[in-house]
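In: Got a sequence here, can you model it:
(chains A and B)
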There are 2 protein chains.
Amino acid sequence: MTQVPVTYELIKEEKHTGARLGILHTPHGSFPTPMYMPVGTLATVKSLSPEELKEMGAGVILSNTYHLWLRPGEDIVQDAGGLHKFMNWDQGILTDSGGFQVFSLSDNRKLTEEGVHFRSHLDGSKLFLSPEKAIQIQTALGSDIMMSLDECPPFYESYDYVKNSINRTTRWAERGLKAQENTKDQVIFGIMQGAGYKDLRIQHAKDMAALDFPGYSVGGLSVGESKEEMNEVLDYLTPYMPANKPRYLMGVGSPDALIDGAIRGIDMFDCVLATRIARNGSCMTSHGRLVVKNAKYARDYTPIDDHCDCYTCRNYSRAYVRHLFHANESFGLRLASIHNTHFLLNLMKQVRQAIMDDNLLDFRQDFFERYGYNKPNARAF
Amino acid sequence: MTQVPVTYELIKEEKHTGARLGILHTPHGSFPTPMYMPVGTLATVKSLSPEELKEMGAGVILSNTYHLWLRPGEDIVQDAGGLHKFMNWDQGILTDSGGFQVFSLSDNRKLTEEGVHFRSHLDGSKLFLSPEKAIQIQTALGSDIMMSLDECPPFYESYDYVKNSINRTTRWAERGLKAQENTKDQVIFGIMQGAGYKDLRIQHAKDMAALDFPGYSVGGLSVGESKEEMNEVLDYLTPYMPANKPRYLMGVGSPDALIDGAIRGIDMFDCVLATRIARNGSCMTSHGRLVVKNAKYARDYTPIDDHCDCYTCRNYSRAYVRHLFHANESFGLRLASIHNTHFLLNLMKQVRQAIMDDNLLDFRQDFFERYGYNKPNARAF
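Out: Sure, this is the predicted structure:
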């Protein structure tokens, strides 16, 4: 049997929840889980340098297959020596399959058993993504973890549609596995779908588990359903996800969802939220959301979060960051992005400590209270 | 006699030119001259962190009084503990007088003996800048070196206008000196004007020298005249600038002008060129200008400049930086800004070494040849 280059090592299970502390081993380092993966859509985590990401404790980052396929093209990345070398990132990289972007960004989609025909959102050119093509692009990119092509139907899609869809996603997963050329350095994770239907979710989890991927993700969540619905799916789904393999909840990265996902046994998360809201001057703090652009911070010389030890909070005031946003200075974007990304990475560090201490539920309650999740009408994220 | 907080120490004069190696002592450190000062218009050197600037050897930086007066307001900077603390820069800061921006950016200007009435370029509000106000704002900002308010007439302005203008600038300089509240930590430099008229330039240099400022700048150059005209002015002017005080050529920062200015005994330079052209993907290299956005670099995996040891060139390829520019990723801007700023700082390091070795003219010839300044129709800057 070939040695699998990406493996999960269980360290400890929390006493009162499904949470687990573990290590994800990759060819580019071993990183503690549960982990938050910053998103580097176009081979850069927006406004941040690799050194800044490492300083704040980032392990694996995510990059987007669809976007890199279109720009600069996976062949250019491959000729550069792969994505790690191209973007100067020597730790783990996970690439998605491209499917989610094809279904959310592209025009004139046509879904067939073979794959998806669509037009580029950039120049309207005709493109075709198949399970084989998704693996081929990701092989060229050279990520540590590739994702199998799936269809991500809306959470409230009809039962019959979702039933057909998960079966096709399973067939696509088998085709992706067959298309894999290189098992030395890269692995494929499978994606479990099923929208909001418990029996379909469980059915698909079993079907995918049978294919023996070295890791699995939960797809089709954080696409419009409520937090309660998301947690309900995780409650009944994660017991069917292989316990000896990493479990990855795709596209989820709000503080509450990270904690609630970890409680249900999720090991990996990714989300653009941290850097996306930073671009609007929105900051996550230990006391909830803070929009640093607001007028009331013009003369506020305290850090964005007085409980934070990120580069931004150690060196700059709310007044300064607000000034940079008002003057359209890109350094403001960077300072807010550093802060938010650090916030989520640090949150996961605290979650891991809580798992170690068997007090994750207490941690959750404290955090939710401080963050304002329990307030009626709170504008939390 | 009060101890002057900013002084110039002469180390060595070049054998064959007017160039000199020295040290500028400030309350925030001592830095070798000739020096290039990166420009942090709005309390940030566009896209760069203080740590990045220090890593590439920046000493003193320049910030703009006019811009900070309008945004965020000098009172906010003062309440923050001054500009150094506000922007997290613990080395030297020079602020200009605001005059140049008033004359180049604002609307509805009206120049009187008292000062300049004008409208803000941001919101059209009525403002008034006087010699006293310029010093008052800069005192609040807390820069190490403040500049005296001057009028900067166009290079080809009429003789009579310029004659009146320099006399008013002298009177303004005297008023600025009288307005200075705090001599403990801040100094004022005087500005010598006179457009392209030799007798007026020399007259103004003598008048200003008589006021015994601790440093002097040459104003009114790099405003449309040719490089030959600029050098001619410096040739006859610098002998009249006090040799025991720093000489600062304002707003000049193209590689050729830095070298030619140093040859004529200039110690300090500032210019937005490095970061401004970086925003268009234009890079200064040891072989001349390189527009990294160009299609021909799409698969070029070499660094922007193979003779450069900046962070960008050590870690990233032309193909990667080009990709970032094409994808509108701000990290590209930062990488190009790091490269260009490092290029000029490193150029001055080489100039200082050449002064030490008494071979500045040879260095000039080599550099100009490599950079392409001697080619007919070369698009150099």
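In: Chain A against chain B: which residues are in contact?
Out: Counting by Cβ under 8 Å from any Cβ of the partner chain, the residues of chain A close to chain B are A:42-44, A:46-49, A:67, A:71-72, A:76, A:79-81, A:86-88, A:298-299, A:301, A:315-317, A:319-320, A:322-324, A:326-327, A:329-334. C-beta coordinates here come from the backbone N, C-alpha and C atoms, glycine included.
In: Please pick the buried ones from those.
Out: Among these, those buried by neighbour count (16 or more other Cβ atoms under 10 Å in any protein chain shown) are A:42-44, A:46-49, A:67, A:72, A:76, A:80, A:86-88, A:299, A:301, A:315-317, A:319-320, A:322-324, A:326-327, A:329-334.
In: residue contacts, the closest residue in space to residue A:13 that isn't next to it in sequence?
Out: Nearest non-adjacent residue to residue A:13, counting by Cβ to Cβ, 6 or more residues apart in numbering or on different chains: residue A:20, 5.0 Å away. Residue A:20 is in contact with A:10, A:11, A:12, A:13, A:14, A:33, A:34, A:265, A:267, A:355, counting by Cβ atoms under 8 Å, 6 or more residues apart in numbering or on different chains.
In: Report the two of these separated the most.
Out: A:11 and A:265 (13.5 Å; Cβ to Cβ).
In: Wait, residue A:56 touches residue A:337, no?
Out: No: in this structure, residue A:56 is not within contact of residue A:337 by Cβ atoms under 8 Å, at 10.5 Å.
In: Of these two, which one has the most company?
Out: Legend: neighbour count by other Cβ atoms under 10 Å in any protein chain shown for residue A:56 and residue A:337, higher for residue A:337 (25 against 21).
In: Give the next helix or strand downstream of the helix or strand hosting that one.
Out: Using DSSP states H and E, residue A:337 maps to helix A:330-356. Past helix A:330-356, further along toward the C-terminus, the next helix or strand under DSSP H and E is helix A:360-371.
In: Give me the contact list for stretch A:348-355.
Out: So stretch A:348-355 is contacted by A:12, A:14, A:19-21, A:32-36, A:57, A:258-259, A:262, A:269, A:360, A:362-363, A:367 (Cβ under 8 Å, 6+ apart).
In: Apply 7 Å and report the result again.
Out: A:12, A:14, A:19-21, A:32, A:34-36, A:57, A:258-259, A:262, A:360, A:363 (Cβ atoms under 7 Å, 6 or more residues apart in numbering or on different chains).
In: in it, what's buried?
Out: Within stretch A:348-355, the residues scored as buried using 16+ other Cβ under 10 Å are A:348, A:349, A:351, A:352, A:354, A:355.
In: Go through the residues you listed and name the one nearest residue A:310.
Out: Using Cβ to Cβ, these come closest to residue A:310 at residue A:349, 12.3 Å.
In: how does chain A divide into domains?
Out: According to the TED database, chain A comprises the domains A:7-270, A:282-371.
In: Over to the shortest one now: how far is its first residue from its last?
Out: Looking back up the chat, that one is domain A:282-371. End-to-end span of domain A:282-371 (Cα to Cα, to the nearest Å): 14 Å.
In: And the first one, by the same measure?
Out: Start-to-end span of domain A:7-270 (Cα to Cα) is 18 Å.
In: same check, this time on stretch A:292-300
Out: 10 Å.
In: List the buried residues for stretch A:306-317?
Out: Buried residues in stretch A:306-317 (16+ other Cβ under 10 Å): A:308, A:310, A:311, A:312, A:313, A:315, A:316, A:317.
In: So for the last one, what's the nearest residue that isn't a sequence neighbour?
Out: Taking Cβ to Cβ, 6+ apart, and ignoring the residues beside it in sequence, residue A:317 has residue A:301 as its nearest neighbour in space, at 4.4 Å.
In: one step back: per-residue confidence averaged over the helix holding residue A:337?
Out: Mean pLDDT, computed over helix A:330-356, is 98.
In: ok, residue A:11 and residue A:265, which is more surrounded?
Out: Using other Cβ under 10 Å as the criterion, residue A:11 and residue A:265 rank with residue A:265 on top: 22 against 13.
In: Contacts only, for that one.
Out: A:18, A:19, A:20, A:238, A:247.
In: ok so it is a strand residue?
Out: No: Residue A:265 is assigned coil when assessed by DSSP: H, G, I helix; E, B strand; the rest coil, not a strand.
In: Please, which helix or strand holds the residue lying closest to it once chain neighbours are set aside?
Out: Leaving out its chain neighbours, the residue that sits closest to residue A:265 by Cβ to Cβ, 6+ apart is residue A:18, at 3.8 Å. In this structure, residue A:18 is located outside every helix and strand according to DSSP H and E.
In: Would you confirm that residue A:18 contacts residue A:261?
Out: No: Residue A:18 is beyond contact range of residue A:261, at 10.0 Å (criterion: Cβ atoms under 7 Å).
In: Looking at those two, which has the bigger crowd around it?
Out: Under the criterion of other Cβ under 10 Å, the comparison of residue A:18 against residue A:261 puts residue A:261 first, with 30 against 19.
In: Dihedrals phi and psi, the more buried one?
Out: phi -70, psi -40 (degrees, to the nearest 10).
In: And it, how far from chain B?
Out: 29 Å (Cβ to the nearest Cβ, to the nearest Å).
In: what about the stretch 1-150 of chain A, any weak spots by pLDDT?
Out: A:1-2 (pLDDT under 70).
In: Okay, strands next: where are they in it?
Out: Secondary structure of the stretch 1-150 of chain A, counting by DSSP state E, counting those that start in this stretch: strands at A:7-13, A:20-26, A:29-33, A:35-37, A:61-63, A:93-95, A:107-111, A:116-119, A:126-129, A:145-147.
In: The closest residue to residue A:186 other than its chain neighbours bridge partners, please.
Out: Nearest in space to residue A:186, with sequence neighbours left out and distances taken as Cβ to Cβ, 6+ apart, is residue A:146 at 5.8 Å. In this entry, residue A:146 is beta-bridged to residue A:188, by DSSP bridges.
In: ok, residue A:146 - contacts?
Out: Residue A:146 neighbours (Cβ under 7 Å, 6+ apart): A:95, A:135, A:138, A:186, A:187, A:188.
In: and which of these is nearest residue A:154?
Out: residue A:95 (23.7 Å).
In: what's the spacing between the closest one and residue A:64?
Out: 7 Å (Cβ to Cβ, to the nearest Å).
In: higher neighbour count, those two?
Out: Neighbours were tallied for residue A:95 and for residue A:64 using other Cβ under 10 Å; the higher tally belongs to residue A:95 (26 against 21).
In: residues in contact with that one?
Out: Contact partners of residue A:95, counting by Cβ under 7 Å, 6+ apart, are A:63, A:65, A:138, A:141, A:143, A:146, A:147.
In: How about the contacts made by the closest residue to the last one other than its chain neighbours?
Out: Among residues not flanking residue A:147 along the chain, residue A:97 sits closest, at 4.2 Å (Cβ to Cβ, 6+ apart). Residue A:97 makes contact with A:65, A:134, A:147, A:148, A:149, A:150, according to Cβ under 7 Å, 6+ apart.
In: Could you work out the most separated pair of these?
Out: So, the contacts of residue A:97 by Cβ to Cβ: farthest apart are A:65 and A:150, at 12.3 Å.
In: Tell me which of these two has more neighbours.
Out: Legend: neighbour count by other Cβ under 10 Å for residue A:65 and residue A:150, higher for residue A:150 (31 against 28).
In: For the more buried one, give me its contacts.
Out: So residue A:150 contacts A:97, A:99, A:169, A:172, A:191, A:193, A:219 (Cβ under 7 Å, 6+ apart).
In: try residue A:60
Out: A:24, A:26, A:31, A:35, A:37, A:91, A:92, A:93, A:94.
In: what's near enough to touch the last one?
Out: Counting by Cβ under 7 Å, 6+ apart, residue A:94 touches A:37, A:60, A:62, A:143, A:144, A:145.
In: quick one: contacts of stretch A:299-314?
Out: Contacts of stretch A:299-314 (Cβ under 7 Å, 6+ apart): A:56, A:283, A:285-286, A:290, A:292, A:317-319, A:321, A:335, A:338-339, A:342-343, B:76, B:79-80.
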